[in-house]
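In: pasting the structure only:
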């Protein structure tokens with residue numbers, strides 16, 4: 001039995017993935033995140049990672065006070081699953097929920113379900129620069145297919161320019177029809193929130209194809225950013241799609257955590273047992289504690305009134321874009337409303353919450369290299385002149401005349417929006433949030449000037 005006094009935030013960083021491990025010299029992991037909460041760090045990096053909040057840490061410790069007396073194999077994950085379903089307003093009688101230590105493992109579990117249906121498969125997925133370099137390999141391994149049966153869907157041209165939705169959807173249609181004509185089954189990954197905040201491919205196109213060939217096309221929704229409303233999530237699940245979410249991106253829970261949500265109907269007993277066995281193998285103490293902390297953030301997010309959220313985003317989004325444009329060192333990628341399907345009705349998740357921007361040494365100067373951007377990214381949370389804060393880590397956009405284009409990301413997340421939405425003086429809280437944003441961007445520009 002482990003004494004309660006032995007609880008440590010470091011437990012949450014124990015994982016097979018070494019990116020979570022705390023470096024004993026720097027005191028942070030590969031993302032520059034410490035094990036303890038730090039209220040002085042402005043958390044504008046939710047596309048990548050956030051430090052655990054004080055509320056999240058308290059929830060994890062309280063949960064452990066109850067759970068520590070149980071043997072590892074007797075710890076029941078059902079309470080965590082039910083909490084997730086309840087906060088997402090999903091019926092636990094109709095829904096299957098599996099918890100995993102990361103979004104990648106959740107996607108792997110979804111692919112296993114698709115593999116269980118048999119037949120030769122072809123996988124269509126968003127390019128790894130926009131999803132994560134580990135994602136394609138995890139899907140390939142779980143599906144048991146070769147690289148020849150993997151078809152990336154390109155959001156961007158080689159230059160990094162965003163392709164039109166029509167061009168993306170046409171590429172998908174042609175590829176899917178060719179695969180079906182060859183007698184293959186299709187596994188189609190809809191990325192509901194790429195690293196730069198896009199939806200790939202178009203939801204309408206995916207639904208059209210899946211409705212036309214329901215027995216031969218399976219849809220996995222990579223919603224690991226979790227930048228979507230309950231209504232949207234419920235719609236995807238109701239359509240029979242397998243949805244993977246995490247608690248460590250938009251919600252601001254500690255990295256990592258993942259979950260698979262899908263309808264129970266059609267999920268055979270043998271596959272259920274296989275998924276539960278995988279869950280039991282992977283969901284160790286650290287993964288459980290990270291999900292507890294993430295659920296604390298989800299509970300606060302779902303509790304705030306959403307009626308004011310759309311007007312808030314209508315004001316914040318253009319102001320954030322203007323704040324970015326004030327700095328000649330930044331090249332801002334235009335952000336417009338996200339279009340998914342004909343049923344869009346002004347929900348909050350139609351508004352962008354990720355703001356990618358390239359960085360150059362001066363107006364008209366050369367773009368910063370990955371190494372220089374990474375140095376800025378890691379320096380921002382550290383003590384120095386100006387505020388401390390976090391941005392989304394550099395992502396690859398493309399190449400300009402052979403030179404790679406990398407961008408940082410300014411990210412609106414639940415932990416920034418909740419205090420505004422529940423504040424008695426919301427206008428004052430909104431102003432404070434924008435002041436944070438400007439201060440963090442000024443510190444970023446200052447670090448660039450000193451390179």
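Out: Nice, I can see it. What you are looking at is a predicted structure, and each value in this text was computed from that prediction instead of being measured. Numbering: from 1, shown residues only.

In: tell me how far the longest strand along the chain is from the chain's mean position?
Out: Ranked by residue count, the top strand of the chain under DSSP state E comes out as strand 388-400. Centre-to-centre, strand 388-400 and its host chain are 15 Å apart (C-alpha atoms, centre = their mean, to the nearest Å).

In: Packing partners of the helix or strand that comes right after it?
Out: With elements assigned by DSSP states H and E, the helix or strand that comes after strand 388-400 is strand 403-411. Other elements packing on strand 403-411 under the criterion 3 or more C-beta pairs under 8 Å, 6 or more residues apart in numbering; DSSP states H and E are strand 354-359, helix 370-379, strand 388-400, helix 426-449. From N, CA and C alone the C-beta is placed, and that goes for glycine too.

In: Quick one: closest of those to residue 59.
Out: The closest of those to residue 59 is strand 388-400. By C-beta to C-beta, the value is 21.2 Å.

In: So for the closest one, what gets flagged as buried?
Out: Neighbour-count burial for strand 388-400, counted by 16 or more other C-beta atoms under 10 Å, picks out 388, 389, 390, 391, 392, 393, 394, 395, 396, 397, 398.

In: And the strands in the stretch 151-300 of the chain, which stretches?
Out: Counting by DSSP state E, counting those that start in this stretch, residue ranges of the strands within the stretch 151-300 of the chain are 185-192, 199-200, 217-223, 242-245, 258-263.

In: would you list the ones you listed in CSV and tack on mean neighbour count and mean pLDDT?
Out: What follows is the strands of the stretch 151-300 of the chain, written out as CSV (neighbours: other C-beta atoms under 10 Å; pLDDT from 0 to 100):
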stretch, mean neighbour count, mean pLDDT
strand 185-192, 26, 98
strand 199-200, 26, 96
strand 217-223, 25, 98
strand 242-245, 28, 98
strand 258-263, 24, 97
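
In: Quick one: closest of those to residue 209.
Out: Among the strands of the stretch 151-300 of the chain, the nearest to residue 209 by C-beta to C-beta is strand 217-223 (5.8 Å).

In: what comes into contact with the closest one?
Out: Contacts to strand 217-223, defined as C-beta atoms under 8 Å, 6 or more residues apart in numbering, come from residues 103, 107, 110-111, 113-114, 117, 126, 131, 135, 176, 185-193, 206, 209-210, 233, 236, 239-245.

In: got it, and stretch 123-130?
Out: Residues outside stretch 123-130 that contact it (C-beta under 8 Å, 6+ apart) are 131, 135-136, 139-140, 143, 145, 149-156, 172, 175-176, 186-189, 191, 194-196, 198, 200-201, 222, 395-397.

In: again, 7 Å this time
Out: With contacts defined as C-beta atoms under 7 Å, 6 or more residues apart in numbering, stretch 123-130 is touched by 135-136, 139, 143, 145, 149-155, 172, 175-176, 186-189, 191, 194-196, 200, 395-396.

In: can you check stretch 347-360 too?
Out: Contacts of stretch 347-360 with the rest of the structure, by C-beta under 7 Å, 6+ apart, involve 47, 196-197, 227-229, 231-232, 250, 306, 309-310, 313, 317, 320-321, 324, 329-333, 335, 337-338, 344, 366-368, 373, 405-412, 448.

In: Show me how to select, in ChimeraX, the buried members of the residues you listed.
Out: The buried residues among the contacts of stretch 347-360 can be selected in ChimeraX (16+ other C-beta under 10 Å) with this line:
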select :47,196,197,227,228,232,250,309,313,317,320,321,324,329,330,331,332,333,335,338,367,368,373,405,406,407,408,409,410,411,412,448
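
In: Where helices are concerned, which of the contacts of stretch 347-360 count?
Out: Under the assignment DSSP state H, the contacts of stretch 347-360 contribute 231, 232, 309, 310, 313, 317, 320, 321, 324, 373, 448 to helices.

In: Show the contacting residues for residue 174.
Out: Here residue 174 is in contact with no residue (C-beta under 7 Å, 6+ apart).

In: what about it, distance to residue 120?
Out: 19 Å (C-beta to C-beta, to the nearest Å).

In: out of the helices and strands packed on strand 403-411, deepest packed?
Out: Mean neighbour count (mean count of other C-beta atoms under 10 Å) peaks for strand 354-359 among these, with a mean of 24.

In: Next, count neighbours for residue 160.
Out: The number of residues packed around residue 160, counting by other C-beta atoms under 10 Å, is 20.

In: my read: it touches residue 405, true?
Out: Yes. Assessed by C-beta atoms under 7 Å, residue 160 is found in contact with residue 405 at 4.7 Å.

In: strands paired with the longest strand of the chain, and their directions?
Out: Strand 388-400 pairs in its sheet with strand 41-44 (parallel), strand 403-411 (antiparallel), by DSSP bridges.

In: Those strands: which one's closest to residue 436?
Out: Nearest of those (C-beta to C-beta): strand 41-44, 5.0 Å.

In: roughly how far is the closest one from the heart of the chain?
Out: Distance, centroid of strand 41-44 to centroid of chain: 17 Å (C-alpha atoms, centre = their mean).

In: I'd like to know the average pLDDT value across it.
Out: Strand 41-44 carries an average pLDDT of 97.

In: Could you do stretch 67-83 as well?
Out: 75.

In: now stretch 378-388
Out: 92.

In: Now that stretch: buried residues?
Out: Neighbour counts using 16+ other C-beta under 10 Å place 378, 379, 380, 381, 387, 388 of stretch 378-388 among the buried residues.

In: now do stretch 278-285
Out: Of all the residues in stretch 278-285, those buried under the rule 16+ other C-beta under 10 Å are 278, 279, 282, 283, 284, 285.

In: which is the next helix or strand following the lowest-mean-pLDDT helix or strand in the chain?
Out: Within the chain, no helix or strand scores below helix 54-67, which has a mean of 92 by mean pLDDT, DSSP states H and E. Sequence-wise, the next helix or strand downstream of helix 54-67 (DSSP H and E) is helix 78-87.

In: May I see the buried residues of that next one?
Out: Going by neighbour count (16+ other C-beta under 10 Å), the buried part of helix 78-87 is 80, 81, 83, 84, 85, 87.

In: for the residues you listed, which one is nearest residue 97?
Out: Among the buried residues of helix 78-87, residue 81 lies closest to residue 97 (C-beta to C-beta), at 4.4 Å.

In: who touches the closest one in this structure?
Out: 97, 99.
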